[in-house]
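K.L.:
The following comprises the amino acid sequence and a computationally predicted model.
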Number of protein chains: 2
Amino acid sequence: MQGITGQELSSKKAEYLKYIHMQGDVVKTTEIAAHFSVAPSTVTKALTEIARAGYIEHTPYHGVRLTSRGTEYARFLVRRHRIVALVLSRHGLEPEEACREAKKIEQCFSKDLTDRMCTSLGHPMMSVCGEIEHDHRCCGSPGGYRG
Amino acid sequence: MQGITGQELSSKKAEYLKYIHMQGDVVKTTEIAAHFSVAPSTVTKALTEIARAGYIEHTPYHGVRLTSRGTEYARFLVRRHRIVALVLSRHGLEPEEACREAKKIEQCFSKDLTDRMCTSLGHPMMSVCGEIEHDHRCCGSPGGYRG
DNA sequence: GAAGAATTTAGATAGACACCAAATCCGGAG
DNA sequence: CTCCGGATTTGGTGTCTATCTAAATTCTTC
């Protein structure tokens, strides 16, 4: 446990990281730039900073790849997204909407809060936009979902 | 209906506005500065901008007062805070915590989303930190809570 | 009317995010 | 093996939000 707070990366950088995670393996600058509709230079700058923070390995001109720390963090980001989406879906939003709205607000949720909600939901396995991974002691797991 | 989105003011400005609303009548710069632990000049700048946006009336050297538009907006902010806090309290947080956490995340919630959650909660009258006002057609009120 | 407190103005800093233009690198065509 | 063009990075800027300090201004009270 290295103490993720959920605020380590700015929201844009977190989005980039999540995207890199979803694409897997090596991801190119242009690909990210296209996906988020921003100039490649904007991405390069962000990537440099994310790399400096230790979440990715950036080989100039050759793309980036997650470090193990980045992978772990990205997993948290995905899990947070899905839990937030699930909470929203429990409050009247359709799956599509819940996922869309979750993207807008998830960056505000700390790991702690995410874990609390996860626990209160009973560590659900599924959200409205995918499975929820409950790694090791992801949220003070009361030991119910692991075995 | 003038279409509040919930993103009209930056989060700090919204906090200032909410505070002004809670204090009622004329509020002085120093008071706000002390409450938020920032320099008075920081507050002056923010106030100037909030006034430019039409939410308050700023009489230099004499403090600020909400305009009717500001009052309406502040009410939305308070209602949003309480609904968010209520949602959090439904997910395992103690009242105190729910209120505290809500302050950190509420600025992300659009009016639309707030209304959706409000509806799904059945337009509750009470939250964990105060009453929830359901003005006129605040959230597409299905006419259940008013009479 | 002047001292002293409150407030505002002006000028700086800092972080996040974005863009453009120019330089640089890389890989494939020849 | 060289060279071109596309991909990428660099460097320079701009915007926005939020802060601060120091200096100027205004108000209030004696």
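P.N.:
Perfect, I can see it now.

K.L.:
can I assume residue A:65 sits in a strand?
P.N.:
Yes: judged by DSSP: H, G, I helix; E, B strand; the rest coil, residue A:65 forms part of a strand.

K.L.:
these two touch, right, it and residue A:24?
P.N.:
No: counting by Cβ atoms under 8 Å, residue A:65 does not reach residue A:24; the two are 9.1 Å apart. (Each C-beta comes from the backbone N, C-alpha and C, glycine too.)

K.L.:
the more surrounded of those two?
P.N.:
residue A:65 (16 against 10; other Cβ atoms under 10 Å in any protein chain shown).

K.L.:
What segments of chain A are strands?
P.N.:
Secondary structure of chain A (DSSP state E): strands at A:56-59, A:63-66, A:126-127, A:130-131.

K.L.:
just these: most buried one?
P.N.:
Among those, strand A:63-66 has the highest mean neighbour count (mean count of other Cβ atoms under 10 Å in any protein chain shown), at a mean of 21.

K.L.:
at contact distance from DNA strand D, anything in it?
P.N.:
Yes: using Cβ under 7 Å from any atom of the strand, strand A:63-66 reaches DNA strand D at residue A:63.

K.L.:
mean confidence for that strand?
P.N.:
Across strand A:63-66, pLDDT averages out at 98.

K.L.:
and it, what other elements does it pack with?
P.N.:
Here strand A:63-66 touches helix A:11-23, helix A:40-52, strand A:56-59, going by 3 or more Cβ pairs under 8 Å, 6 or more residues apart in numbering or on different chains; DSSP states H and E.

K.L.:
Show me what the shortest one is packed against.
P.N.:
The helices and strands touching strand A:56-59, judged by 3+ Cβ pairs under 8 Å, 6+ apart, are helix A:40-52, strand A:63-66.

K.L.:
Say whether DNA strand C is contacted by the last one.
P.N.:
Looking back up the chat, that one is strand A:63-66. No: legend: contact between strand A:63-66 and DNA strand C by Cβ under 7 Å from any atom of the strand is lacking; minimum distance shown is 10.2 Å.

K.L.:
try the longest one
P.N.:
Yes: remark: helix A:40-52 sits within contact range of DNA strand C at A:41, A:42, A:45, A:46, A:49, by Cβ under 7 Å from any atom of the strand.

K.L.:
Give me the buried entries from these.
P.N.:
Taking 16 or more other Cβ atoms under 10 Å in any protein chain shown as the criterion, what is buried in those is A:46, A:49.

K.L.:
Bridged to residue A:56, which residues?
P.N.:
residue A:66 (DSSP bridges).

K.L.:
show me the contacts for the closest residue in space to residue A:116 that isn't next to it in sequence.
P.N.:
Sequence neighbours aside, residue B:92 is the residue nearest to residue A:116 in space, at 5.0 Å (criterion: Cβ to Cβ, 6 or more residues apart in numbering or on different chains). Residue B:92 makes contact with A:116, A:117, A:119, A:120, according to Cβ atoms under 8 Å, 6 or more residues apart in numbering or on different chains.

K.L.:
Repeat the analysis, applying 10 Å as the threshold.
P.N.:
A:113, A:115, A:116, A:117, A:118, A:119, A:120, A:121, B:98 (Cβ atoms under 10 Å, 6 or more residues apart in numbering or on different chains).

K.L.:
quick revisit: I'd like the helices and strands packed on strand A:56-59 as CSV, with distance to residue A:74 appended.
P.N.:
Converted to CSV, those look like this (distance: least, Cβ to Cβ, whole Å):
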stretch, distance to residue A:74
helix A:40-52, 11
strand A:63-66, 6
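
K.L.:
quick one: which of these is nearest residue B:18?
P.N.:
helix A:40-52 (32.7 Å; Cβ to Cβ).

K.L.:
Next one: the closest one, is it in contact with DNA strand D?
P.N.:
Yes: Helix A:40-52 reaches DNA strand D (Cβ under 7 Å from any atom of the strand) through A:40, A:41, A:43, A:44, A:45, A:47, A:48.
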